[in-house]
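In: with the input below, show me the fold.
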Amino acid sequence: MEHVAGQVRSGVLQPLTGGGGPFAAPGSGSRPWTGAAADEAVREIGLLADELQAFHYEALAISAALHRARKAFTEAQQKLVRAIGDVEALGATVAENGTVTLPDLPPEERNDPEAIAYQKRKWDEVQQHVQIMTAALAAATDADNAAATALRSLNPEDVDPAKHPDAVRNAASDLEAATGMPTDPKALKDWWAALDPAVRAGLLTADSDKLIKAGILGPTDYEWSSPDKGAGPWGVREPGLADQMMRVEAASMVGGGALAGNPDAARNLAHYLDGDGTPLNLDVEPMLRSDAGFRAKADTQLAANKDKWRQAAVEAFEKSGGVPVSIPVESPVGQHTFTDENWYYAIGSHPYLTSGVVTAVPGPDGKPQVSLQYQVNVWDRYNWDEGKSTPIAGTNVTDHDMATLHQTGLAKEFDIVGRTKPITIRLDEPTAPGSPTP
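Out: Numbering: from 1, shown residues only. Below you'll find the model as predicted:
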């Protein structure tokens with residue numbers, strides 16, 4: 001339906017409104033057909049295209065609701081079967097209605113304290129598995145109710161463009177609701193990775209800005225964690241005079257002293273001295289512009305993976321029967337140490353990787369047209385380790401002295417998270433050996 005809607009818009013509606021195409025009259029921007037009948041035809045064809053698009057979203061909503069229910073049913077079934085097996089291994093019996101019974105002790109053991117105690121421990125263990133069985137049944141019931149609610153909400157009247165100007169938007173909202181998009185970042189990663197490829201593509205078509213803002217271009221597998229403990233616990237002792245003087249010295253570096261000309265290093269140190277410890281979000285594009293080594297590594301990382309990502313999209317496209325599909329992708333993590341002075345003082349060394357979404361859609365000939373929307377990600381922990389020092393403008397700043405500010409509560413370590421703005425490139429053909437990265 002989406003493919004036909006696109007054909008209606010590009011092959012019929014666009015030429016009729018002077019946008020070019022196989023039936024457009026000569027001359028840029030000219031309309032080959034004008035008048036009342038032409039205006040009515042454009043209106044009706046526009047409604048038809050909207051109707052096809054709305055039906056496409058509704059079909060994806062049904063698919064998403066059923067896929068979501070199937071996943072929940074499968075997980076609940078696995079937990080239930082496993083719990084039943086554990087109960088039966090303890091000698092208990094599970095009836096068809098779910099009742100669990102444990103055979104009585106033999107007559108000769110009914111007055112044996114040890115046998116009675118053992119039977120009680122075994123029954124307590126059985127009850128733990130019964131709780132898992134009960135929770136699995138409750139999860140399946142919740143999934144059934146959620147699927148029923150999602151399917152009942154799909155009202156054909158609401159997605160009729162002739163009756164509702166917002167029909168396409170309504171249908172897109174139905175699709176989003178049917179997928180159960182979470183707000184928690186960790187849950188969002190798992191949700192995005194588990195979606196059907198066609199549903200992902202539909203969601204991106206419906207509202208890519210919302211999804212990208214939520215973070216779907218980030219990695220779904222890689223989990224960054226700080227590689228070292230830094231200065232340890234925060235605020236574990238009262239600051240002394242030497243600590244107070246060290247903080248004054250550090251603050252003077254921020255205010256145009258030793259870090260003059262290094263604005264990002266000064267900003268990061270100022271955030272450390274603010275002492276709230278909140279993560280700092282950075283734009284990675286200035287890093288790439290300033291540090292040629294980092295830029296070369298990022299380009300190499302993209303070039304090394306994009307053919308593999310293209311192939312994954314093509315295979316998913318063919319498996320789906322030629323409908324639009326989107327696949328989350330990410331490169332292996334790399335490591336870089338900045339040579340640019342500003343960013344070396346601001347971050348030093350850091351892990352990075354390229355991640356995003358590769359999408360395949362049918363072209364005019366039905367063959368897949370592939371594009372990649374990606375970002376370069378950077379992580380770091382702004383902390384100070386024992387046994388290190390950093391020469392800044394002729395001053396040797398020891399990590400020990402800076403770490404004491406964290407330990408005394410005069411500053412606080414924090415996480416750094418950075419990414420580029422989304423970048424989109426075409427991947428219609430595999431890269432020829434030696435070709436430059438777009």
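In: doesn't Ala194 make contact with Pro182?
Out: No: shown here, Pro182 and Ala194 do not form a contact pair, counting by C-beta atoms under 8 Å, at 11.1 Å. For glycine as for every other residue, the C-beta is placed from the backbone atoms N, C-alpha and C.
In: longest helix anywhere in the protein?
Out: helix 36-89 (DSSP state H).
In: and it, what does it pack onto?
Out: When contacts are defined as 3 or more C-beta pairs under 8 Å, 6 or more residues apart in numbering; DSSP states H and E, helix 36-89 packs onto helix 2-8, helix 14-16, strand 93-94, helix 113-152, helix 167-179, helix 197-214.
In: now with 10 Å?
Out: Using 3 or more C-beta pairs under 10 Å, 6 or more residues apart in numbering; DSSP states H and E, the elements in contact with helix 36-89 are helix 2-8, helix 14-16, strand 93-94, strand 100-101, helix 113-152, helix 167-179, helix 185-194, helix 197-214.
In: lowest average confidence, helix or strand, in this structure?
Out: Sorting the helices and strands of the chain by mean pLDDT, DSSP states H and E puts strand 389-392 at the bottom, at a mean of 58.
In: name the residue most distant from the centre of this structure?
Out: Glu108 (62.1 Å; C-alpha atoms, centre = their mean).
In: tell me the secondary structure at it.
Out: Secondary structure for Glu108, judged by DSSP: H, G, I helix; E, B strand; the rest coil, is helix.
In: all helices of the stretch 301-438 of the chain, in order?
Out: Listed in chain order, the helices found in the stretch 301-438 of the chain under DSSP state H, counting those that start in this stretch are 341-346, 399-407.
In: can you put these in CSV and add mean pLDDT?
Out: What follows is these, written out as CSV (pLDDT from 0 to 100):
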stretch, mean pLDDT
helix 341-346, 90
helix 399-407, 87
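In: quick check: which of those helices is nearest to Gln301?
Out: helix 341-346 (17.9 Å; C-beta to C-beta).
In: now do the closest one: which elements does it pack against?
Out: Other elements packing on helix 341-346 under the criterion 3+ C-beta pairs under 10 Å, 6+ apart are helix 263-274, strand 280-283, helix 285-290, strand 334-337, strand 368-382, strand 389-392.
In: what's in contact with it?
Out: Contact partners of helix 341-346, identified using C-beta atoms under 10 Å, 6 or more residues apart in numbering, comprise 253, 258-259, 261-269, 280, 282, 286-287, 290-291, 294, 336-338, 340, 350, 378, 380, 382, 390, 392-393, 397, 416.
In: which non-adjacent residue is nearest Asp190?
Out: Nearest non-adjacent residue to Asp190, counting by C-beta to C-beta, 6 or more residues apart in numbering: Thr220, 7.7 Å away.
In: any regions of this protein where pLDDT drops low?
Out: 20-29, 255-258, 385-397, 429-438 (pLDDT under 70).
In: can I see the domain layout of it?
Out: Listed domain ranges for the chain are 1-180, 241-426 (source: automatic domain parsing).
In: between those, which one is closest to Ser208.
Out: Ranking these by proximity to Ser208 (C-beta to C-beta) places domain 241-426 first, at 8.0 Å.
In: so for the closest one, first residue to last residue, what's the gap.
Out: Taking C-alpha to C-alpha, to the nearest Å, domain 241-426 runs 60 Å from one end to the other.
In: now swap in stretch 358-366 and tell me
Out: One end of stretch 358-366 sits 18 Å from the other (C-alpha to C-alpha).
In: report the buried residues of that stretch.
Out: Going by neighbour count (16 or more other C-beta atoms under 10 Å), the buried part of stretch 358-366 is Val358, Thr359, Ala360, Val361, Pro362.
In: now stretch 31-38: how far from the chain's centre is it?
Out: Offset of stretch 31-38 from its chain centre (C-alpha atoms, centre = their mean, to the nearest Å): 47 Å.
In: distance between the ends of it?
Out: So stretch 31-38: terminal residues 10 Å apart, C-alpha to C-alpha.
In: give me every residue that touches Ile216.
Out: Listed by C-beta under 10 Å, 6+ apart, the contact set of Ile216 reads 181, 188-189, 191-193, 195, 200, 203-204, 208, 210, 326, 328, 355-357, 373.
In: against Pro197, how distant is it?
Out: As for Ile216, its distance to Pro197 is 13 Å (criterion: C-beta to C-beta, to the nearest Å).
In: now do the shared contacts for these two.
Out: The contact lists of Ile216 and Pro197 share Ser326, Pro328, where a contact means C-beta under 10 Å, 6+ apart.
In: still on that earlier bit, most packed of the helices and strands packed on helix 36-89?
Out: helix 167-179 (a mean of 22; mean count of other C-beta atoms under 10 Å).
In: on that earlier part again, quick one: closest of the helices and strands packed on helix 341-346 to Ile62.
Out: Taking C-beta to C-beta, strand 368-382 is the member of these nearest to Ile62, at 24.2 Å.
In: can you give the distance from that closest one to the centre of its chain?
Out: With C-alpha atoms, centre = their mean, you get 11 Å for strand 368-382.
In: and if you look at stretch 318-325?
Out: How far stretch 318-325 lies from its chain's middle: 22 Å, per C-alpha atoms, centre = their mean.
In: okay, buried residues for that stretch please.
Out: By 16+ other C-beta under 10 Å, the buried positions in stretch 318-325 come out as Val323, Pro324, Val325.
In: distance between the ends of that stretch?
Out: Note: stretch 318-325 ends 10 Å apart using C-alpha to C-alpha.
In: and what of stretch 273-281?
Out: Using C-alpha to C-alpha, the end-to-end distance of stretch 273-281 comes out at 17 Å.
In: most centrally placed residue in this protein?
Out: Residue closest to the average C-alpha location in the chain (C-alpha atoms, centre = their mean): Ile216, at 3.1 Å.
In: now do the SS call for that one.
Out: Reduced to three states with three-state DSSP, the structure at Ile216 is coil.
In: separation between Ala54 and Ala172?
Out: Where Ala172 is concerned, Ala54 sits at a distance of 8 Å (C-beta to C-beta).
In: let me fix that: Arg70
Out: 23 Å.
In: which other helices and strands does the helix or strand where Lys297 lies contact?
Out: Per DSSP states H and E: Lys297 is located in helix 292-319. Taking 3+ C-beta pairs under 10 Å, 6+ apart as contact, the helices and strands that helix 292-319 lies on are helix 197-214, helix 285-290, strand 325-330, strand 334-337, strand 349-362, strand 368-382, strand 423-426.
In: who does Thr93 form a beta bridge with?
Out: Judged by DSSP bridges, the bridge partners of Thr93 are Thr101.
In: so who does it touch?
Out: Counted by C-beta under 10 Å, 6+ apart, Thr93 has contacts Val87, Thr99, Val100, Thr101, Leu102, Pro103.
In: repeat that with 8 Å
Out: Contact analysis of Thr93 by C-beta atoms under 8 Å, 6 or more residues apart in numbering lists Val100, Thr101, Leu102, Pro103.
In: sweet, I'm off.
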